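# Pasted the sequence and its predicted model underneath.
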Amino acid sequence: MFKPEPFVTRLAFTASDRPEAQEACAALIARYGQASPADAQAIVALGGDGFMLETLHENLTGDRPIYGMNRGSVGFLMNEYSEDALLERINAAERAVIHPLQMVAIDAHHREHRAVAINEVSLLRQTRQTAKLRISIDGKVRLGELSCDGALVSTPAGSTAYNLSAHGPIIPLDARVLALTPISAFRPRRWRGALLAHTARVKFEIMEADKRPVSAVADNFEVRDVLEVHIAEDRDVALHMLFDAGRSLEERVLAEQFSV
């Protein structure tokens with residue numbers, strides 16, 4: 001038998017360093033109280049999209065949903081800010097479940113670095129020299145040499161961020177695919193990237209790494225001078241975000257495809 005979610009009454013508020021976020025946090029705590037992180041049924045994040053990503057990273061092992069309200073400069077992942085009827089909004093909210101990427105990067109000293117990316121893993125040239133990348137999917141080389149400023153692998157949730165700026169495709173949340181997108185590709189000039197099954201395992205090898213150094217960035221975690229980067233979706237981690245009824249993340253992603 002279907003068991004409804006319990007009515008959320010215990011909230012934990014967190015805010016970015018922006019003055020407007022801090023002021024909003026104080027006002028909301030005064031009105032709704034502040035539960036401890038261990039006791040809270042939901043987390044309310046106040047800030048912009050960057051702060052939402054930080055909050056998600058801090059709660060990778062938790063099962064509490066996160067409801068964001070925009071007190072920053074960009075708010076694609078956030079709900080509109082209002083102090084009124086917050087409990088009602090949260091309990092009527094639509095839930096989005098997203099799965100992050102796991103990155104394993106090997107640097108020039110053959111050290112292994114692991115990180116999680118909710119939006120994307122990007123490879124970026126570090127100097128004026130064009131990067132040269134070899135790309136393998138599931139153990140098979142698919143592109144022997146990509147001359148470019150870089151490349152990225154994006155989740156559906158991150159497809160409207162850096163991926164879109166690099167002219168990559170917008171991906172519906174339930175599409176179960178990843179976007180592989182070049183950044184300013186020079187050769188092959190007409191290659192525009194690929195859509196991959198969410199089970200794909202992507203490997204980047206940096207060619208001429210001494211002459212053409214490349215960094216790897218998983219959201220806000222950067223590794224310099226990488227030799228290899230391995231990327232795969234982690235289905236064992238499920239992050240839950242809450243969006244106001246009628247303004248779900250799925251709806252926002254769909255609407256973005258028709259924006260002009």
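Received, thanks.
# Next up, the contacts around the residue lying closest to residue 231 once chain neighbours are set aside.
In space, and not counting its chain neighbours, residue 231 is closest to residue 202: 4.4 Å by CB to CB, 6 or more residues apart in numbering. All C-beta spots, glycine's among them, are computed from the backbone N, C-alpha and C. Residue 202 makes contact with 135, 136, 137, 153, 178, 180, 196, 230, 231, 232, according to CB atoms under 8 Å, 6 or more residues apart in numbering.
# likewise residue 247?
By CB under 8 Å, 6+ apart, residue 247 lies in contact with 79, 94.
# Residue 57 belongs to a strand, doesn't it?
No - applying DSSP: H, G, I helix; E, B strand; the rest coil, one finds residue 57 to be helix, outside a strand.
# hmm, back to that, for the residue nearest to residue 231, give the beta-bridge partners.
residue 137, residue 231 (DSSP bridges).
# Check the spacing between it and residue 193 real quick.
Counting by CB to CB, to the nearest Å, the gap between residue 202 and residue 193 amounts to 12 Å.
# So, low pLDDT: which residues of the stretch 51-200 of the chain?
Within the stretch 51-200 of the chain, the set of residues satisfying pLDDT under 70 is empty.
# Please, where are all the helices along it?
86-91, 162-165 (DSSP state H, counting those that start in this stretch).
# Nearest residue to the most centrally placed residue in the chain in space, please, no chain neighbours.
Taking CA atoms, centre = their mean, the centroid of the chain lies closest to residue 119, which sits 2.0 Å from it. In this structure, residue 119 finds its nearest non-sequential neighbour in residue 158, 3.0 Å apart by CB to CB, 6+ apart.
# Run a quick neighbour tally on that neighbour.
28 (other CB atoms under 10 Å).
# again with residue 73
Residue 73: 10 surrounding residues under other CB under 10 Å.
# where's it relative to residue 20, distance?
10 Å.
# what about residue 253, helix or strand, and which?
According to DSSP states H and E, residue 253 maps onto helix 249-256.
# C-alpha coordinates for that helix, CSV please?
Listed next in CSV are the C-alpha coordinates belonging to helix 249-256 (Å, rounded to 0.1, in the frame of the first residue of the first chain):
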residue,chain,number,x,y,z
LEU,A,249,13.0,21.1,-12.6
GLU,A,250,11.7,19.0,-15.5
GLU,A,251,9.4,21.9,-16.5
ARG,A,252,12.3,24.4,-16.2
VAL,A,253,14.5,22.3,-18.4
LEU,A,254,11.8,21.8,-21.0
ALA,A,255,11.0,25.6,-21.0
GLU,A,256,14.6,26.4,-21.5
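# For that helix, name the packing helices and strands.
strand 94-98, strand 239-243 (3 or more CB pairs under 8 Å, 6 or more residues apart in numbering; DSSP states H and E).
# picking that back up, the residue nearest to the centre of the chain reaches residue 160, doesn't it?
No - Residue 119 is beyond contact range of residue 160, at 9.2 Å (criterion: CB atoms under 8 Å).
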